[in-house]
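A.B. asks: whatever this is, show me its structure:
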Amino acid sequence: MIRGKMAVTFGALAACVLMTGCMPKMTIEDMKAMTPKRPAELDQLNMFVGKWQYEGKMEFGGSEESIESTGTSDTEWGPGKWYLLSDSLWNMKGLDPMHGHEVWTYDVKSKKYRSSWADTMGAMGTGTAKYNPETKTWKMHAVSHGPMGKSTMNGTVTFVNDNTMKFEMKEKAMFGLMTVMEWEGTATRK
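C.D. replies: Numbering: from 1, shown residues only. Now for the predicted structure:
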């Protein structure tokens, strides 16, 4: 058993050593030619840029009362306008404030917008979105992991006008059988 593992390890090491010299030689000009062009689809994210004020209500699974929520976010482009950075602060009546940080970009291969999220409630997540320019609606799907385990979130963000968006989100856990949270509200650009 040990000899078999050693043989596989040695074989993999030998293959790596042999392949090291196989990388083609490249010039700076070759590397420049391989640099991807910024996708035009990134420009759709311009609608999120700015300072936003949120108001809404949340309902958590297992609770019969709605919780008022307010928040702010500041969203700006990163270098070269290849990705958006968003810092948020959420206040939910009776709970500690939650801070969050999100990054958005566009994946040319999958033709989807992708995001990553981390917050002070211990959650980290990744998501995808598609934009419908006819309805000015973003359809979003995300998976996150946090202190309470894995959950999925589905929702929409619709731009009513350039300075107002409405959102609806549902978060579920346990293979979609348990509702963790439902959230709806409005955001206005400050």
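A.B. asks: what helix or strand is the residue nearest to the spatial centre of the chain on?
C.D. replies: Residue closest to the average C-alpha location in the chain (C-alpha atoms, centre = their mean): Ser115, at 2.1 Å. Counting by DSSP states H and E, the element that carries Ser115 is strand 112-119.
A.B. asks: return that strand as CSV; C-alpha atoms alone will do.
C.D. replies: Taking Å, rounded to 0.1, in the frame of the first residue of the first chain, the C-alpha atoms of strand 112-119 are listed here in CSV:
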residue,chain,number,x,y,z
LYS,A,112,-23.2,35.9,-15.7
TYR,A,113,-22.4,38.5,-13.2
ARG,A,114,-20.6,37.1,-10.2
SER,A,115,-20.3,38.4,-6.6
SER,A,116,-18.6,37.5,-3.4
TRP,A,117,-19.8,38.6,0.1
ALA,A,118,-18.6,38.6,3.7
ASP,A,119,-20.2,40.2,6.7
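A.B. asks: buried ones in that strand?
C.D. replies: For strand 112-119, the buried set under the neighbour-count rule, 16 or more other C-beta atoms under 10 Å, comprises 112-113, 115, 117-119. From N, CA and C alone the C-beta is placed, and that goes for glycine too.
A.B. asks: ok, the residue nearest to the centre of the chain - contacts?
C.D. replies: Ser115 sits next to 102-105, 126-129, 142 when contact means C-beta atoms under 8 Å, 6 or more residues apart in numbering.
A.B. asks: turn these into a markdown table, including neighbour count and distance to Ser63.
C.D. replies: Output for these, formatted as a markdown table (neighbours: other C-beta atoms under 10 Å; distance: C-beta to C-beta, whole Å):
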| residue | neighbour count | distance to Ser63 |
| --- | --- | --- |
| Glu102 | 19 | 26 |
| Val103 | 15 | 31 |
| Trp104 | 21 | 31 |
| Thr105 | 17 | 35 |
| Thr126 | 14 | 27 |
| Gly127 | 21 | 25 |
| Thr128 | 15 | 29 |
| Ala129 | 20 | 28 |
| Ala142 | 19 | 22 |
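A.B. asks: check these and tell me the two furthest apart.
C.D. replies: Largest separation among the contacts of Ser115 by C-beta to C-beta: Thr105 and Ala142, giving 14.6 Å.
A.B. asks: mind checking how far Glu168 is from Phe48?
C.D. replies: Separation of Glu168 from Phe48 (C-beta to C-beta, to the nearest Å): 17 Å.
A.B. asks: past the helix or strand bottoming out on mean pLDDT in the chain, which element shows up next along the chain?
C.D. replies: Here the helix or strand of the chain ranked lowest by mean pLDDT, DSSP states H and E is helix 2-20, holding a mean of 63. As assigned by DSSP H and E, the chain's next helix or strand after helix 2-20 is helix 28-34.
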